[in-house]
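> sequence plus predicted model, see below.
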Amino acid sequence: MNPNPRQMTLLSVVQTQGSVTVELLADKLGVTLQTVRRDVQRLADEGLLTRFHGGVRVPSSTVENIAYRQREILNAVGKARIAKAVAAAVPNGCSLILNIGTTTEAIARELLQHTGLRVITNNLNVAATLSANPNAEVIVVGGVVRGRDQGIVGEAAVDFIRQFKVDIGLIGISAIEADGSLRDFDYREVKVSQTIISHAREVWVAADSSKFKRPAMVEVAQLSQIDRLFSDALPPEPFMDLLDEAQVRFELASP
C-alpha cells in the first residue's frame, strides 16, 4: 500500500510516542474513531503497526528488523528532512562511507549535486543512486549481497573497508537504546558498521525519531564513539543528557 497523508501522520504519531490509544489518535487527527480504526487495520495488515486492546504501537523485535519495503515507508518525511540536513553539512571534496539503510539511501539522493566526493558504500542502492553524479567517485565494497535490501555484508566487506580512512563515516542505525547503545539486528552488518566507525575521522549517525528506545539484539557502538547525531525530532528522555555526556553534537532536521 501507499499510505495517504492522514495515515502517514498517524504513523508519525505512533513512532514518536511508541504506543498510543485509538482515542488519542482520533483526537490528534481530528477524525472519527471509525476512521482511525480503519486506518490502523490497513497499516497493521501491511505490518507497519501492531494492534493491542484499545491502542496501537510500532512493531518491535530484538531479533529481526521489519521488512525493507515497510522501512521505506515508515517516517519517510522525517528521513527526507534528515537527508537534507546531512547533505547540507557534507562539504564538497571529501571522502565518505555510507552504510546500509533507507535513511542513508535518502542521503545519497541529496548528495547528487555535490562535487569532488569519493564515496565508499556497502549499499548497492546508494551506489546506484550516486553513480548518476558525474562529480562523485563511487567505490562498492565487496562481499555477500543481502537480497532483501541490497546491502553487502560479511568478512570480505570488513577486510575491504579496512584499506581506507575517510573523512566522514555516515551510519544509519536500527535502534538507540536508553543505555546509550546503538544497535542493529544482523551481526554481519554490525561488523561492517563497526569497521566503518573505526576507519572514519568523524562518525555521523542518521536516525529518525522512531529509533529511540527501540530494542535490537546486537550492539554496534556507544554514543561516545560518534561525533554527530542527526534526527527529525528531539529525542525523549534520557537521550539529550546522554548526548551531552558523550559530547555528541545533536542536529535537529527542522521541517
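Structure received.

> how about the helices of this structure, start to end?
In the chain, the segments counted as helices under DSSP state H are 5-17, 22-29, 33-45, 68-73, 76-89, 102-110, 124-130, 155-161, 187-198, 239-246.

> same question for the last one, mean pLDDT?
Right, the one you point to is helix 239-246. Helix 239-246 carries an average pLDDT of 96.

> same check on the third one?
The average of the pLDDT scores along helix 33-45 is 91.

> picking up where we left off before, please identify the most buried of the helices of the chain.
Highest mean neighbour count among the helices of the chain (mean count of other Cβ atoms under 10 Å): helix 102-110, with a mean of 24. C-betas here are computed from N, CA, C, even on glycine.

> tilt between that helix and helix 76-89?
Between the axes of helix 102-110 and helix 76-89, defined by axes from the mean of the first three to the mean of the last three Cα atoms, to 10 degrees, the angle is 50 degrees.

> the helices of the chain: lowest mean pLDDT?
helix 68-73 (a mean of 57).

> circling back: out of the helices of the chain, which gets nearest to Val220?
With Cβ to Cβ as the criterion, Val220 lies closest to helix 187-198 of the helices of the chain, at 5.0 Å.

> surely Pro59 meets Phe52?
No - using Cβ atoms under 8 Å, Pro59 is not in contact with Phe52, being 11.5 Å away.

> more neighbours: those two, which one.
Neighbours were counted for Pro59 and for Phe52 using other Cβ atoms under 10 Å; Pro59 has more, 16 against 9.

> bridged to the nearest residue to that one once chain neighbours are set aside, which residues?
Nearest residue to Pro59 in three dimensions, chain neighbours excluded: Thr50, at 4.8 Å (Cβ to Cβ, 6 or more residues apart in numbering). Thr50 has these beta-bridge partners by DSSP bridges: Arg57.

> number of residues surrounding Pro91?
Residues lying near Pro91 (other Cβ under 10 Å) number 10.

> same check, this time on the one 4 residues further on
Neighbour count of Ser95, defined by other Cβ under 10 Å: 19.

> now Cys94: closest residue in space that isn't a chain neighbour?
The spatial neighbour of Cys94 that comes closest, neighbours along the chain excluded (Cβ to Cβ, 6+ apart), is Asp167 at 4.3 Å.
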